[in-house]
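Peer 1: next one to model:
(chains A and B)
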Amino acid sequence: MEHKDIGINGDSAIAMAWKQINPDVCAAYPITPQTIIVERFSDYVADGEVDTEFVCTESEHSALTVCISAAAAGARTVTATASAGLGYMWEMLGIASGLRMPVSMAVANRALSAPINIHCDHGDAMASRDTGWLMIFAENVQEAYDNAIMAPRIAEHKDVQLPIMTCLDGFISTHAIERMTPMDTHDVQKFVGKYKPVYPMLDWKNPVTYGVMDSPDYYYEHKYQMKEAMDAALKVTDDVFRDFAKVTGRRYSSVEEYRCDDADYVAVCLGSTFGTMRAAVDMLRAEGKKVGAMMPRLFRPLPSDKIAKAVKGKKGVAVLDRFMPLGGYGPLYQDMISSAVCLDKMPNMYSYVYGIGGRDAKTDDLKTVFMDMIDKKAKKVNYLGVKL
Amino acid sequence: MSSLKELSKTPSKLTSGHRLCAGCGEGIIVRQLLMATDKPVVVSNATGCFEVSTSIYPYTAWNIPWIHTAFGNAAATCAGTEAAYQSLKRQGKIKDDIKFVALGGDGGTYDIGFQALSGALERGHHMMYVCMNNEAYMNTGIQRSGATGIGASTTTSPAGSVIPGKTGYPKDLTMIVAAHDIPYAAQVSPHNWRDLITKCRKGFEANGPSFINAISPCPRGWRTDPSDTISLAQLAVETCVWPLYEYENGKYRLTGESSKIADGKIPKKPLTDWLNSQGRFKHLMKDKWMDLVGDAQADIDKKWERLQKLCKL
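Peer 2: Okay, the predicted model is just below:
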């Protein structure tokens, strides 16, 4: 079917995806730059365009709580947040995953306080990694929309049964209007499928006890089961990406590579920067420089094997963290090193901290990352764009 | 109202074999409240004594659907199960009339769960929140809470030579909840099972949120004999430390012994009877703290007078 492209911002695109999915329960609390998602979704609720029970909670902690218990009761659930909101949810993040609730959450990445700053960096998402949530990053509005549609399919898969965060860059993607190809609602519903809850509490004739007290005899094994589900999620995500391509023609990969095959130097990043990075690569390629870009779209579970394969034989790899690692190293940098450590010869790996609190990273800035490596000026840790 | 004999034959939703302490008021309260409806019930439980004692993996004391997520969010957890129900019922996927109950201790209700409770009440979920108030954080080892009575010795408000236990009066949570103007709120005590079950029936059938605040003697924290639990709960009512009343569709009404005290049919016992009955207050009986005891009695009297006035409105 032919679809007319539309102009839409990232937040509205996610609300549109939710409308098409028609989840049973949505619980949320407003926070910039996520707010437009719940505002637009409220419009759909007010106009009776969805069956969703929309719960405007008094906090993010309660928003995620409502999603968790509604999911346990037997509902497909969605929520969205950002920054301090994700921080406020933190206690419930591990409970959502520990109870194996496939909640879908959009995260409009924003810097953490203090100082308070409403603009993009990945401080919120990075502080929430390894809590048992799958995490997928979007480069642009189209991907934010597509990820929101793929999220329930991945999270609810019987081998996964874990919650999922779909991240998009605050303001850069949430508020910028871009061209997007929406799916037909029928296709969305067919792709996502009907929700089949496992052990729903509302099936009261078959009572289940959720959220038990685990002794040291059991806790470790229950956590190990989550690790196995994370492992399984690598293949499930690939399968869902493949099926999504069949419906839409848009083919995603858990590790996106751009002109990496013959590249000597590769830069790795997440989110909207990947688009700017590709432009920087094209500019340098035009000058004959053998450079490429990479984005591990699927950040959790980390596709380590694919990453190792992608960086094998490179002279240098620059890893860009949109996160201020205080007293340690960038999380993506650490992940890249951990992935590459299995190689006989590891490439030189450089950490670039950038884009903190919404600091712009333009093509010229990103070109210097490659030129630093080529000119052997790159340090172990570099702070791109900091004014000292 | 069913007879005790009839009630004793109702299906056991919370089974024996749980790990609550001997003499714990909570198990008695919950068994009574679950007898107040014949409809399916879904329970949400805050972290606390009751949660850890009834759900030790791989066992469960629950014959009905039950969920625990965290400490400060029993009301939100319950709201989530109810939201799923409203959605699925509207979509025709569920036909049954299901009831939703949240259980929390005073720590999980007066303190850390207060915001989630207020939010759930304001949103108007069809759910009943039951607070089992044993007047301190007993599960973590008897620390003071916003419900702890003045002068009580706890592990974070110990009776010292300078400070005589907990300073300040407890929060009047039932009144605060009533100020949300929900359809039904009440205070109950496990010694008066008829009053407790009648009120929980009203709570279950309320057209919107309802709230039940139950006094729950704790032998460990109150330093009392396990066999005295029911008589202590009764004494709390007879001293007007814990008046039995309800707030129903905008009207306050005294019930049980509290109604009889107000009518002069039974005497109002002095606060010293209450303080003398428990180890947590024994230090107050020294001359040095007599002013505090007098102030505490005056506070009880003031609140009791105010409640009686509200009931006459």
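Peer 1: other SSEs contacting the helix or strand that contains A:Asp282?
Peer 2: Counting by DSSP states H and E, the secondary-structure element that holds A:Asp282 is helix A:273-286. Here helix A:273-286 touches strand A:256-258, strand A:265-268, strand A:291-295, helix A:363-374, going by 3 or more CB pairs under 8 Å, 6 or more residues apart in numbering or on different chains; DSSP states H and E. Using the backbone N, CA and C atoms, a C-beta is placed for each residue, glycine as well.
Peer 1: I'd like the ones you listed laid out as TSV, including distance to chain B, mean pLDDT and mean neighbour count.
Peer 2: Listed next are the helices and strands packed on helix A:273-286 as TSV, based on distance: least, CB to the nearest CB, whole Å; pLDDT from 0 to 100; neighbours: other CB atoms under 10 Å in any protein chain shown:
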stretch	distance to chain B	mean pLDDT	mean neighbour count
strand A:256-258	36	98	19
strand A:265-268	36	98	28
strand A:291-295	34	98	27
helix A:363-374	42	98	20
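Peer 1: would you reformat those as CSV and include distance to A:Gly7?
Peer 2: Below are the helices and strands packed on helix A:273-286 laid out as CSV (distance: least, CB to CB, whole Å):
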stretch, distance to A:Gly7
strand A:256-258, 24
strand A:265-268, 30
strand A:291-295, 24
helix A:363-374, 24
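Peer 1: out of the ones you listed, flag the one nearest B:Asn134.
Peer 2: Among the helices and strands packed on helix A:273-286, strand A:291-295 comes nearest to B:Asn134, with 53.9 Å by CB to CB.
Peer 1: and that closest one, what does it pack onto?
Peer 2: Using 3+ CB pairs under 8 Å, 6+ apart, strand A:291-295 sits against strand A:256-258, strand A:265-268, helix A:273-286, helix A:304-311.
Peer 1: among the ones you listed, show me which one is buried the most.
Peer 2: Neighbour counts (mean count of other CB atoms under 10 Å in any protein chain shown) averaged over each of the helices and strands packed on strand A:291-295 peak at strand A:265-268, with a mean of 28.
Peer 1: spit out the contact partners of the residue nearest to B:Pro267 when sequence neighbours are not counted.
Peer 2: Excluding its sequence neighbours, the residue lying closest to B:Pro267 (CB to CB, 6 or more residues apart in numbering or on different chains) is B:Ile261, at 7.3 Å. By CB atoms under 8 Å, 6 or more residues apart in numbering or on different chains, B:Ile261 lies in contact with B:238, B:240, B:267-268.
Peer 1: show me the two of those residues that sit farthest apart.
Peer 2: Using CB to CB, those reach their maximum pairwise distance at B:Cys240 and B:Pro267, which is 10.8 Å.
Peer 1: so the two - more neighbours on which side?
Peer 2: Per other CB atoms under 10 Å in any protein chain shown, whichever of B:Cys240 and B:Pro267 has more neighbours is B:Cys240, with 25 against 9.
Peer 1: which ones are touching A:Val192?
Peer 2: A:Val192 makes contacts with A:21, A:149, A:152-153, as judged by CB under 8 Å, 6+ apart.
Peer 1: most neighbours, which of those?
Peer 2: A:Ile149 (27 neighbours).
Peer 1: verify the contact between it and A:Lys19 for me.
Peer 2: No - counting by CB atoms under 8 Å, A:Ile149 does not reach A:Lys19; the two are 11.1 Å apart.
Peer 1: on that earlier part again, for the contacts of A:Val192, which one is nearest B:Leu275?
Peer 2: A:Pro152 (57.8 Å).
Peer 1: the closest one and B:Ser3: what is the separation?
Peer 2: A:Pro152 is 51 Å from B:Ser3, where distance means CB to CB, to the nearest Å.
Peer 1: give me the domain ranges for chain A.
Peer 2: Split into domains by automatic domain parsing, chain A comes to A:6-248, A:256-383.
Peer 1: tell me which of these sits most buried.
Peer 2: Most buried among those, given mean count of other CB under 10 Å as the contact rule, is domain A:6-248, at a mean of 22.
Peer 1: list the contacts of residue 82.
Peer 2: Looking at chain A here, since you left the chain open. A:31-34, A:107-110, A:124, A:170.
Peer 1: sorry, should have said chain B
Peer 2: Neighbours of B:Glu82 in contact, by CB under 8 Å, 6+ apart: B:100, B:125-127.
Peer 1: longest helix of the chain?
Peer 2: Defaulting to chain A. Secondary structure of chain A per DSSP state H: the longest helix is helix A:219-248.
Peer 1: I was after chain B.
Peer 2: helix B:290-312.
Peer 1: quick one: average confidence on it?
Peer 2: Regarding helix B:290-312, the rounded mean pLDDT is 97.
Peer 1: who does that helix touch, helix- and strand-wise?
Peer 2: strand B:251-254, helix B:271-276.
Peer 1: got a list of contacts for the first one?
Peer 2: Right, strand B:251-254. Here strand B:251-254 makes contact (CB under 8 Å, 6+ apart) with B:178, B:243-247, B:259, B:262, B:307-308, B:310-311, B:313.
Peer 1: repeat that for the longest one.
Peer 2: Applying CB under 8 Å, 6+ apart, the contact partners of helix B:271-276 are B:151, B:235-236, B:238-239, B:241, B:281-282, B:284-285, B:293, B:296-297, B:300.
Peer 1: okay, that helix in PDB with CA atoms only?
Peer 2: Only the C-alpha atoms of helix B:271-276 are listed here, as PDB (Å, rounded to 0.1, in the frame of the first residue of the first chain):
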ATOM      1  CA  LEU B 271      -4.700   7.400  78.400                       C
ATOM      2  CA  THR B 272      -2.600   6.100  81.200                       C
ATOM      3  CA  ASP B 273      -4.400   2.700  80.800                       C
ATOM      4  CA  TRP B 274      -3.100   2.600  77.200                       C
ATOM      5  CA  LEU B 275       0.400   3.700  78.200                       C
ATOM      6  CA  ASN B 276       0.600   1.300  81.100                       C
END
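Peer 1: mind listing what's buried in that helix?
Peer 2: Using 16 or more other CB atoms under 10 Å in any protein chain shown as the test for burial, helix B:271-276 gives B:271-272, B:274-275.
Peer 1: looking at those, point me to the pair that's furthest apart.
Peer 2: B:Thr272 and B:Trp274 (7.2 Å).
Peer 1: for the stretch 101-250 of chain B, what lies in contact range of chain A?
Peer 2: B:115-116, B:118-120, B:122-123 (CB under 8 Å from any CB of the partner chain).
Peer 1: mind doing that once more with 7 Å?
Peer 2: B:115-116, B:118-119, B:123 (CB under 7 Å from any CB of the partner chain).
Peer 1: by neighbours, which of the residues you listed wins?
Peer 2: Most surrounded of those: other CB under 10 Å gives B:Ala116, at 31 neighbours.
Peer 1: so which strand or helix has it?
Peer 2: helix B:114-123.
Peer 1: would you mind pulling the contact partners of that helix?
Peer 2: A:55, A:57-59, A:62, B:72-73, B:75-76, B:78-79, B:109, B:127, B:129, B:177, B:180, B:182, B:209 (CB atoms under 7 Å, 6 or more residues apart in numbering or on different chains).
Peer 1: wait, doesn't A:Met105 sit right on A:Gly85?
Peer 2: No - applying CB atoms under 7 Å as the test, A:Met105 and A:Gly85 come out as separate, 10.2 Å apart.
Peer 1: centre of the chain to the host helix or strand of A:Gln189, how far?
Peer 2: For A:Gln189, the element it lies in under DSSP H and E is helix A:185-192. Between the centre of helix A:185-192 and the centre of its chain there are 21 Å (CA atoms, centre = their mean, to the nearest Å).
Peer 1: same question for stretch B:5-19.
Peer 2: The answer for stretch B:5-19 is 20 Å, by CA atoms, centre = their mean.
Peer 1: how far does it stretch from start to finish?
Peer 2: Terminal residues of stretch B:5-19 are spaced 26 Å apart (CA to CA, to the nearest Å).
Peer 1: now do the buried residues in that stretch.
Peer 2: B:7, B:13-14, B:18.
Peer 1: return the member of the contacts of B:Glu82 nearest to chain A.
Peer 2: B:His125 (8.5 Å; CB to the nearest CB).
Peer 1: nothing else from me, thank you.
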